[in-house]
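Undergrad: this one's structure only:
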């Protein structure tokens, strides 16, 4: 499931076009957000010099057309955000690239920078407002946001991802959009601390406040009691937490006059995924600098710890067990993939066959009259489209090896059954794919740590030399 938004990027007050373009592209290409720059793809521009290339095209536009830029729009940005845990960063970058390619039809240079520093993976797609031929400008037409959303949904369905069935217009806060994946607010944390304190059944209000102090909160007394933790900037009044958390209600609960109803909110955190270790030496030889080396060392340490945690949790500390599990997961994925491809092939055949059967039935009378007229050229000229449809249908039946034509109703029933089965298999397919990727990544990391991958590559080279 992906949400999209198109944003016009304007010239900031007191800054030049060059400065604005540099700031926007630098933020999107931030290596700390894009896996060291690995999650950046581009079309008709170099990510390192995209800001300069965009600026040059604008100067060329003025030279070629003789027109001055009237608006202060220098580029456009499409933000595409995915549901946490549904796609990998690489998939998100691929989908973003496909989205902007199909939307712009290759007329504008663009960057696709996928950020994986949040629980939800999202892409910043920046494209030049000036076309590649430097003769036109992109016009943000009425309804462009809806057009991008529909195209994004289409591409998500093609990749087997979910979509928002009934999208509602209007803005929604970041935390509400994240839902259960959202980080708990300071107010929610305070409510949870109060719930824990009341669950311990303190003798009186003073004992209750002591439990709150032990939980790390400072207390400010006054007309209303307010609480604050070290990581908070402001105090929070009890009266602002809701009726169940007001001072009067808490005192009534402690006196046994009222039962406390704690808020049942479960905060989920996105599971840490296992990433491949970075081949630091190879990256340094490719031209990466000292800063990248420092980042890569820290990144590798984190991934080694994450790999060990995953192997421990799933009982895969024995290498042979890990290899067998990886092989089994790969085989299951390939089997489900083949099943889906077979279903898709048959669905396409049914769609084509159904069209030709309908065309064949509609043009049968015309073609019979054409044959009865001795294949008259005059009759052909008068009914050429119907006759060509009839011939195309007959050829399609021969190519598909259809001897007896099925009914359209039976084809529709088969299509519905296949589509339903395919949707059921897709859920298992996605789970098998994710499971296989994690296992393959974990095994690759183990092989690198043990030096197995180098030994195997050395054997392959030795075999090739022989």
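TA: On my side now, so go ahead. Predicted model, so just to flag it, every value in this text is computed and none were measured.

Undergrad: what lies in contact with stretch 242-251?
TA: 191, 194, 198, 205, 208, 224-225, 238-239, 258, 260-261, 263 (CB atoms under 8 Å, 6 or more residues apart in numbering). Placement of C-beta: from N, CA and C, glycine included.

Undergrad: now do it: distance to the chain's middle.
TA: 42 Å (CA atoms, centre = their mean, to the nearest Å).

Undergrad: how long is that stretch end to end?
TA: 15 Å (CA to CA, to the nearest Å).

Undergrad: show me which residues of that stretch are buried.
TA: 244-246, 249-250 (16 or more other CB atoms under 10 Å).

Undergrad: could I get those residues as JSON lines with distance to residue 367?
TA: JSON lines is the format used below for the buried residues of stretch 242-251 (distance: CB to CB, whole Å):
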{"residue": "244", "distance to residue 367": "78"}
{"residue": "245", "distance to residue 367": "80"}
{"residue": "246", "distance to residue 367": "84"}
{"residue": "249", "distance to residue 367": "84"}
{"residue": "250", "distance to residue 367": "86"}
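
Undergrad: rewinding a little: which of the contacts of stretch 242-251 sits closest to residue 82?
TA: residue 263 (28.6 Å; CB to CB).

Undergrad: show me where this protein has its strands.
TA: 2-10, 40-43, 73-82, 110-115, 122-128, 217-220, 226-229, 236-237 (DSSP state E).

Undergrad: now the lengthiest helix in the chain, how far from the chain's geometric center?
TA: Taking DSSP state H as the criterion, the chain has its longest helix at helix 319-372. Centroid separation for helix 319-372 versus its chain: 27 Å, with CA atoms, centre = their mean.

Undergrad: ditto for stretch 298-309
TA: Its chain's C-alpha centre and that of stretch 298-309 lie 24 Å apart, by CA atoms, centre = their mean.

Undergrad: now the helices for the stretch 51-200 of the chain?
TA: Listed in chain order, the helices of the stretch 51-200 of the chain (DSSP state H, counting those that start in this stretch) span 89-104, 144-158, 174-178, 186-199.

Undergrad: of these, which is nearest residue 17?
TA: It's helix 89-104; of the helices of the stretch 51-200 of the chain, that one is closest to residue 17 (CB to CB) at 20.7 Å.

Undergrad: center of this structure, which residue is that?
TA: The centre of the chain sits closest to residue 82, judged by CA atoms, centre = their mean, with a distance of 3.6 Å.

Undergrad: that residue and residue 120, how far apart?
TA: Residue 82 sits 6 Å away from residue 120, going by CB to CB, to the nearest Å.

Undergrad: where does the stretch 201-350 of the chain dip in pLDDT?
TA: Residues of the stretch 201-350 of the chain meeting the criterion pLDDT under 70: 263-273.

Undergrad: nearest residue to residue 75 other than its sequence neighbours?
TA: residue 9 (4.5 Å; CB to CB, 6 or more residues apart in numbering).

Undergrad: ok so, going back, so which of the buried residues of stretch 242-251 comes closest to residue 414?
TA: Closest to residue 414, out of all of these and judged by CB to CB, is residue 244, at 56.5 Å.

Undergrad: distance check, the closest one against residue 386.
TA: 74 Å.

Undergrad: can you list the domains in the chain?
TA: 2-178, 186-254, 322-448 (automatic domain parsing).

Undergrad: distance between the ends of the shortest one?
TA: According to CA to CA, domain 186-254 extends 24 Å from its N-terminal end residue to its C-terminal end residue.

Undergrad: nearest to residue 220, of the helices of the stretch 51-200 of the chain?
TA: helix 186-199 (13.3 Å).

Undergrad: roughly how far apart are residue 78 and residue 49?
TA: 21 Å.

Undergrad: do residue 356 as well
TA: Applying CB to CB to residue 356 and residue 49 gives a distance of 52 Å.

Undergrad: how about residue 290?
TA: From residue 290 to residue 49 the distance is 22 Å (CB to CB).

Undergrad: between the two, who's got more neighbours?
TA: Ranked by neighbour count (other CB atoms under 10 Å), residue 290 and residue 49 place residue 49 first, with 12 against 8.
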